[in-house]
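S.K.: Got a predicted structure here, sequence first:
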Amino acid sequence: AQSVAQPEDQVNVAEGNPLTVKCTYSVSGNPYLFWYVQYPNRGLQFLLKYITGDNLVKGSYGFEAEFNKSQTSFHLKKPSALVSDSALYFCAVRDGKAAGNKLTFGGGTRVLVKP
Amino acid sequence: DVKVTQSSRYLVKRTGEKVFLECVQDMDHENMFWYRQDPGLGLRLIYFSYDVKMKEKGDIPEGYSVSREKKERFSLILESASTNQTSMYLCASSFGSSFSYNEQFFGPGTRLTVL
């Protein structure tokens, strides 16, 4: 079985400060990891993914994420947050052993960037 | 530009009604998915399909059924709506085989209220 945990329901950060959104996962095979963002009244938008290779993955809107196999984590980061980054962020995992292209999502973390 | 559309943004139905939610993608994707999104629970997979006329149960299929008669269209059916099916419903699609790790593209969502 595959699972994802986002330990923080909400993250508050001042504009211009670094932003980190935490994610840990559990799979039996190799993990395929994804981050999505949801702006108010919108569907989810893909930010970035880790499949293999470099542990630091760069994505859209200046976001990046670091894959850490020993800690089974895939934290999302942005060096300097903008007010427009305020949104709901979801981490998702797919077990490389499992067929079906099926993602399991975390519960989401709401990010509030204050001016 | 990739596009996933859902037939309604908001829907209000009464307990016991049969409800159809429609999803159409214009990207010739093989895989299509239906999720429900509830606060604190993230996205939970209801059903998915990796080919026309094929369907697989997700994590919470009870009370739902699906239909995929054409590649671009994936319908979610609530046979007899109940109040606990009040939720945001999100459709998604992705390219590739059942073993691929391509990102999913999401529609804007349908907020369903069952009275």
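M.R.: Arrived safely.

S.K.: how far does stretch B:78-91 sit from the chain's center?
M.R.: 10 Å (CA atoms, centre = their mean, to the nearest Å).

S.K.: any low-confidence regions in chain A?
M.R.: A:98-100 (pLDDT under 70).

S.K.: redo that, cut-off 80
M.R.: For chain A, residues meeting the criterion pLDDT under 80 lie at A:1, A:41, A:95-101.

S.K.: Smallest gap between it and chain B, at which residue?
M.R.: Closest residue of chain A to chain B, CB to the nearest CB: residue A:43 (3.7 Å). Quick note: C-beta positions are derived from backbone N, CA and C, even for glycine.

S.K.: right, and that residue touches residue B:88 too?
M.R.: No. Under the criterion of CB atoms under 8 Å, residue A:43 is not in contact with residue B:88, lying 9.6 Å apart.

S.K.: that older thread, which residues does the residue of chain A closest to chain B contact?
M.R.: B:4, B:90, B:106, B:107, B:108, B:109 (CB atoms under 8 Å, 6 or more residues apart in numbering or on different chains).

S.K.: Tell me the spacing between the fourth one and residue B:101.
M.R.: Note on residue B:107: its distance to residue B:101, by CB to CB, to the nearest Å, is 21 Å.

S.K.: neighbour count winner among these two?
M.R.: It is residue B:107, of residue B:107 and residue B:101, that has more neighbours when counted by other CB atoms under 10 Å in any protein chain shown, with 25 against 19.

S.K.: ok, the more buried one - contacts?
M.R.: A:43, B:4, B:5, B:6, B:23, B:90, B:91, B:92 are the contacts of residue B:107 under CB under 8 Å, 6+ apart.

S.K.: How much space separates it from residue A:45?
M.R.: Per CB to CB, residue B:107 is found 12 Å from residue A:45.

S.K.: Could you do residue B:62 as well?
M.R.: From residue B:62 to residue A:45 the distance is 29 Å (CB to CB).
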